[in-house]
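# Give the three-dimensional model of this entry:
(2 chains)
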Amino acid sequence: MSGPRSYYLSRRAWETRFVNLALIFVCLFAVFPIVTTITISFKEQADITRKPPIFFPCDTPDKTFEWSACRWAVEGYQRVFAPKPDENALLGWALTGNLVKTYIPNTMMYASSSALGVTLLASLSGFAFSRYRFRGHNALMTAIYAVTGIPLITNMLALYQMSIILRKNLPFFDDRLFLIFVYFGFYLPISVWITKGFFDAIPRELEESALIEGCSPLGAMFRITMPLAMPGLISIFLLTFVNVWNEFIVAYLLVTKNDFKPAMFGLYDFLSQNIINLQVLAAACLIIAAPIIILFLFTRKTFFRAMVEGAVKG
Amino acid sequence: MQKNPAQFLKRFEIRKSLPFWLILPTVIVILIIQVYPAFYTMWLSLQERKGASWEYVGFENFERLTKANLFPESIGHTVIFLVGYVALTLTLGFIIAQLLKRNVPLTGLYVTILFIPWIIADIIAGLVFRLLVTPDYGLFSGIFAERGISVLTDSRSPSIIGNFPFPPSPAMIFLILAATWRALPFITLLILASLQTIPHEVIESARIDGANGWQLTSHITIPLILPTMVVALFNLILGGMNGVGMVFSLTGGGPGTATYVLSYFLYVLGWGQLRFGRAAALAMMIAIVNWFLIFLVLRATQLHKKGR
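Coordinates of the predicted model:
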């Protein structure tokens, strides 16, 4: 029976080839805008403002593409980093661009502290929702889910007014603390649902035997259940970290001081300052997105876990 | 085994109140950041700024809002945006998920590459697409200009259906493409995860019974993943209705008002014109639609669970 079998096999082989080809095509589409951004970021001003625009700055008067004639430049990055010689700094250069000096460190701080807080609070309440049946259990879970239906911009109206009033009346009010607290509130509801799912997947027997051995409920939670749930909790941390890193409108409306602006806010400022310096914009985009893309490439399995769990729950 | 009954009782008490203490911080944060502001906005929608304080004006904000020309126009833009974005994302997501499900040797690599757009912030995604069509200097501007199109500055052609903003402006179409590019990975993964739960035997037996590819898709695959498609649909609608970052960086609502979706209109009402009362009225309307959708999702998922 070699005839039909080989026919079947070759059909399969063709199918695989077709699927591969189609997927390569799709991947090219997915990365195309990013690739163009990279090429734009390495162009010099004269090539940016050329008419008609060219994809690669590699043309000569008589040829459209000549590898050796490429005029790659790092002008865009230079203007974002704004390096100045400084004897005390590492490598002898200090980066004085606002984006790298102030905005990205701010974002780093907002993202990591929000993610830490959300993970901590969500793990406590997710544990309680998963392990205990109490009055109002389901109602509270549903209420937390319903809260995710409040549009972010709706709440921003009130939170903006709140921030104005608090700034006026509280002497110790700090934009940064308020912003982080707001991020807690925005990313907690969905995180609680996801962590509950993670805890549900951990068998209770281990914990119960610890309780019988005389371990306190809190001890059992911290010593037994939490370590087991760690991979899930890390995925919550990463998800919140990325969400806060990428968040724009909340910070845009709540932060008033230049020193406290996060990177996305800084990028939006850049947009209005560099209408024709496309290479500067492209470089800024890449510098802000790069840490997140690298983080994603190294931790994608963890990401997918939280994503799927979150999507199925909500 | 307990030697000291008092100690046992105390431990029991702590155990009973433990969930309360564990949940309390979360509930407090959500009350302050989500619930209180929602009520505040409700209150705000009935007020108007008078000097330094607010004055109760009843439903005047709603009346004035619905009379504003931009209100029906923004609804039109939102509907066009959502229809285009949802249809495009679901269709492409389904096709790509079908391709990924074949599990060809390099699938892991493809999935990773396909996911990069999802990890990019909406404001950066908007900017990246803006770089392609910036008037005069964008990479595609030359190609479009030859055909007489300038994506970010052409206003839309006159409506053909009453006041409904159809056909949409080039900027709106481009906004839909950019939003689809960013949302596609997530939806693809969602559909792929659901496709993988379909038992192989079901497909195999249908094939043995003589079903062709199209029949398999329409009679077996789609009905089986319908619940996931519904979840994806609502996810997209909610995300599309409330997301505003991409409008900010890609079009800024323009040209003119051609890409004013409701959430951007709300921003302009509130922070552009400082009419917070009217913005709150609009926010209430958006919130009600949102809750209605969430309610539908809850009903749909619960029905699905009962059905199993």
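# Tell me where the chain has strands.
No chain specified, so I'll use chain A. Secondary structure of chain A, counting by DSSP state E: strands at A:83-85, A:93-95.
# switch to chain B, that's the one I care about
Using DSSP E, strands in chain B cover B:47-50, B:53-56.
# B:Ala121: which of those strands is closest?
strand B:47-50 (33.1 Å; Cβ to Cβ). Where C-beta positions appear, they are placed from N, C-alpha and C, glycine not excepted.
# Any chance you could list what contacts that closest one?
B:Trp54, B:Glu55, B:Tyr56, B:Val57, B:Glu60, B:Asn61, B:Leu274, B:Arg275, B:Phe276, B:Gly277, B:Ala280 (Cβ atoms under 8 Å, 6 or more residues apart in numbering or on different chains).
# okay, now residue 95: neighbour count?
I went with chain A, as the question did not name one. Neighbours of A:Leu95 under the rule other Cβ atoms under 10 Å in any protein chain shown: 17.
# wrong one, chain B
If you count neighbours by other Cβ under 10 Å, B:Ile95 ends up with 14.
# which of the strands of chain B sits most buried?
Greatest average neighbour count among the strands of chain B goes to strand B:47-50 (a mean of 14), per mean count of other Cβ atoms under 10 Å in any protein chain shown.
# What separation is there between B:Asn61 and chain A?
12 Å (Cβ to the nearest Cβ, to the nearest Å).
# so what's the residue in the stretch 1-150 of chain B positioned nearest to chain A closest to, chain neighbours aside?
Of all residues in the stretch 1-150 of chain B, the one sitting closest to chain A is B:Ile33 (2.2 Å; Cβ to the nearest Cβ). Leaving aside its sequence neighbours, B:Ile33 sits nearest to A:Gly185 (Cβ to Cβ, 6 or more residues apart in numbering or on different chains; 2.2 Å).
# Correct me if wrong: B:Gln34 contacts A:Val147.
Yes. With contacts counted by Cβ atoms under 8 Å, B:Gln34 reaches A:Val147, the gap being 4.8 Å.
# what is in contact with those two at once?
Each of A:Pro189 lies in contact with both B:Gln34 and A:Val147 under the rule Cβ under 8 Å, 6+ apart.
# could you give the mean pLDDT of stretch B:96-105?
Average pLDDT, stretch B:96-105: 89.
# State the number of residues packed around the closest residue to chain B within the stretch 151-300 of chain A.
Chain B sits closest to A:Gly185 of the stretch 151-300 of chain A, with a gap of 2.2 Å, by Cβ to the nearest Cβ. The local packing of A:Gly185 (other Cβ under 10 Å) involves 23 other residues.
# got a pLDDT number for it?
94.
# Can you list the buried residues in stretch A:263-280?
Using 16 or more other Cβ atoms under 10 Å in any protein chain shown as the test for burial, stretch A:263-280 gives A:263-271, A:274, A:277-280.
# any chance of those residues in a markdown table, plus pLDDT and distance to chain B?
Formatted as a markdown table, the buried residues of stretch A:263-280 follow (pLDDT from 0 to 100; distance: Cβ to the nearest Cβ, whole Å):
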| residue | pLDDT | distance to chain B |
| --- | --- | --- |
| A:Ala263 | 94 | 9 |
| A:Met264 | 94 | 5 |
| A:Phe265 | 93 | 9 |
| A:Gly266 | 91 | 11 |
| A:Leu267 | 92 | 6 |
| A:Tyr268 | 91 | 7 |
| A:Asp269 | 88 | 11 |
| A:Phe270 | 86 | 9 |
| A:Leu271 | 86 | 6 |
| A:Asn274 | 80 | 11 |
| A:Asn277 | 86 | 10 |
| A:Leu278 | 89 | 6 |
| A:Gln279 | 90 | 10 |
| A:Val280 | 91 | 11 |
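# how about B:Thr269, what does it touch?
Small correction: residue B:269 is Leu, not Thr. Contacts of B:Leu269 by Cβ under 8 Å, 6+ apart are B:Leu65, B:Arg275, B:Arg278, B:Ala279, B:Leu282.
# oh sorry, the question was meant for A:Tyr183
A:Tyr110, A:Ser114, A:Val118, A:Thr240, A:Val244, A:Glu247, A:Val250.
# In helices, which of these appear?
The helices, defined by DSSP state H, take in A:Tyr110, A:Ser114, A:Val118, A:Thr240, A:Val244, A:Val250 from those.
# Which one of the residues you listed is nearest to A:Glu213?
Distances from A:Glu213 to the ones in helices among the contacts of A:Tyr183, taken by Cβ to Cβ, are shortest for A:Val118, at 32.3 Å.
# Not counting residues beside it along the chain, what's closest to B:Trp118?
B:Pro185 (3.8 Å).
# List the contacts of the one you found.
Going by Cβ under 8 Å, 6+ apart, the list of residues near B:Pro185 reads A:Ala30, B:Leu114, B:Phe115, B:Ile116, B:Pro117, B:Trp118.
# Next one: it from A:Arg167, what distance?
Counting by Cβ to Cβ, to the nearest Å, the gap from B:Pro185 to A:Arg167 is 39 Å.
# ditto for A:Leu121
Distance from A:Leu121 to A:Arg167, by Cβ to Cβ: 25 Å.
# Show me the domain layout of the chain.
Picking chain A for this. With domains defined by automatic domain parsing, chain A comprises A:2-79, A:98-313.
# wrong one, chain B
Taken from automatic domain parsing, chain B resolves into B:5-44, B:61-307.
# so which of the ones you listed is the most packed in?
domain B:61-307 (a mean of 18).
# from what I can see A:Leu278 touches B:Leu131, true?
Yes. Here A:Leu278 lies in contact with B:Leu131, judged by Cβ under 8 Å, at a distance of 5.6 Å.
# Name the residues contacting each of those two.
A:Ile40, B:Gly138.
# Spatially central residue for the chain, please.
Just going to use chain A. The centroid of chain A falls nearest to A:Val242 when counting by Cα atoms, centre = their mean (2.1 Å).
# Oops, wrong one, chain B.
Most central in chain B (Cα atoms, centre = their mean) works out to B:Gly239, at 1.3 Å.
# In contact with that one, which residues?
B:Ala183.
# A:Asp200 too?
With Cβ under 8 Å, 6+ apart, A:Asp200 has these contacts: A:Ser130.
# and if you look at B:Val133?
B:Val133 touches B:Phe140, B:Ser141, B:Phe144, B:Val151, B:Leu152, B:Phe174, counting by Cβ under 8 Å, 6+ apart.
# Sort out which of these are in helices and list them.
Per DSSP H, the contacts of B:Val133 map to helices at B:Ser141, B:Phe144, B:Phe174.
# filter these by proximity to chain A?
B:Ser141 (Cβ under 8 Å from any Cβ of the partner chain).
# ranges for the helices of the stretch 1-150 of chain B?
Under the criterion DSSP state H, counting those that start in this stretch, helices of the stretch 1-150 of chain B are mapped to B:5-30, B:36-44, B:60-67, B:70-101, B:107-119, B:122-133, B:141-146.
# hmm, the second one in reach of chain A?
Yes. Contact between helix B:36-44 and chain A is present through B:Tyr36, B:Pro37, B:Ala38, B:Tyr40, B:Thr41, B:Leu44 (criterion: Cβ under 8 Å from any Cβ).
# ok, whichever residue of the stretch 1-150 of chain A sits closest to chain B - contacts?
Nearest residue of the stretch 1-150 of chain A to chain B: A:Pro52, at 3.1 Å (Cβ to the nearest Cβ). A:Pro52 sits next to B:Ser141, B:Gly142, B:Ile143, B:Ala145 when contact means Cβ under 8 Å, 6+ apart.
# I'd like the residues you listed as TSV, with distance to A:Ile38 appended.
Below are the contacts of A:Pro52 laid out as TSV (distance: Cβ to Cβ, whole Å):
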residue	distance to A:Ile38
B:Ser141	19
B:Gly142	20
B:Ile143	20
B:Ala145	24
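# Present the residues you listed as TSV; the columns should include pLDDT.
Formatted as TSV, these follow (pLDDT from 0 to 100):
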residue	pLDDT
B:Ser141	82
B:Gly142	80
B:Ile143	82
B:Ala145	81
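# Run through the residues that contact the residue lying closest to A:Ile54 once chain neighbours are set aside.
In space, and not counting its chain neighbours, A:Ile54 is closest to A:Asp47: 6.9 Å by Cβ to Cβ, 6+ apart. Contact analysis of A:Asp47 by Cβ under 8 Å, 6+ apart lists A:Ile54, A:Pro57, A:Arg71.
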